[in-house]
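S.K.: Sequence and predicted structure, then a few things I'm wondering about:
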Amino acid sequence: LRFILDMEQDFDPLDKDNFSIEVARKLTKATDRFLCDPADNTFNIKFLKYRIRDMDTGVTIAEIDHPREEDGYDESELSEDERLIRYQFGPQFLELRMLGTMLDFSVGATPVKDLVMIERHYFKDKLIQSYEFKVKFC
């Protein structure tokens, strides 16, 4: 996941030591790189599957499965380009009335309390939708 970087802001969102939820909420366009390395994932949070579908018809528009470690996948060895997922939808996508998304994720052996995930969608460097998900315990 990438976040937003606005050079006119009075903070550096790429400063890992001072990054916070508040900083993420203030971001206004995508950064040019990820905000953390795979090695920083101390809770071993993995995004396993993501799906976007048209809720009116039930048609799946995009579905992405995370490669499995059993198949030789090691995220720590991936470049930034290999970690990035890009979508490109045609103009008919904007005509859809209701979209649904589904995200499967897992955590490692250490429990995670008060997890906050922020999902932001941009079009031409303009924030068009922002979601915040809070999970008390996983």
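M.R.: Now that the structure is in, tell me what you want to look at.
S.K.: quick one: pLDDT of residue 96?
M.R.: Residue 96 carries a pLDDT value of 91.
S.K.: ok, now which ones touch it?
M.R.: Residue 96 sits next to 54, 56, 61 when contact means CB atoms under 8 Å, 6 or more residues apart in numbering. For glycine as for every other residue, the C-beta is placed from the backbone atoms N, C-alpha and C.
S.K.: was I right about the last one contacting residue 92?
M.R.: No - taking contacts as CB atoms under 8 Å, residue 61 lies outside contact range of residue 92: 10.1 Å.
S.K.: could I get the longest helix seen in the chain in CSV with only the CA atoms?
M.R.: As assigned by DSSP state H, the longest helix anywhere in the chain is helix 21-26. C-alpha atoms of helix 21-26 as CSV (Å, rounded to 0.1, in the frame of the first residue of the first chain):
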residue,chain,number,x,y,z
ILE,A,21,-2.0,7.5,12.0
GLU,A,22,-2.4,11.3,12.1
VAL,A,23,0.3,11.8,9.5
ALA,A,24,-1.5,9.1,7.2
ARG,A,25,-4.8,11.0,7.6
LYS,A,26,-3.1,14.2,6.3
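S.K.: gap between that helix and the chain center?
M.R.: The chain centroid and the centroid of helix 21-26 are separated by 14 Å, computed with CA atoms, centre = their mean, to the nearest Å.
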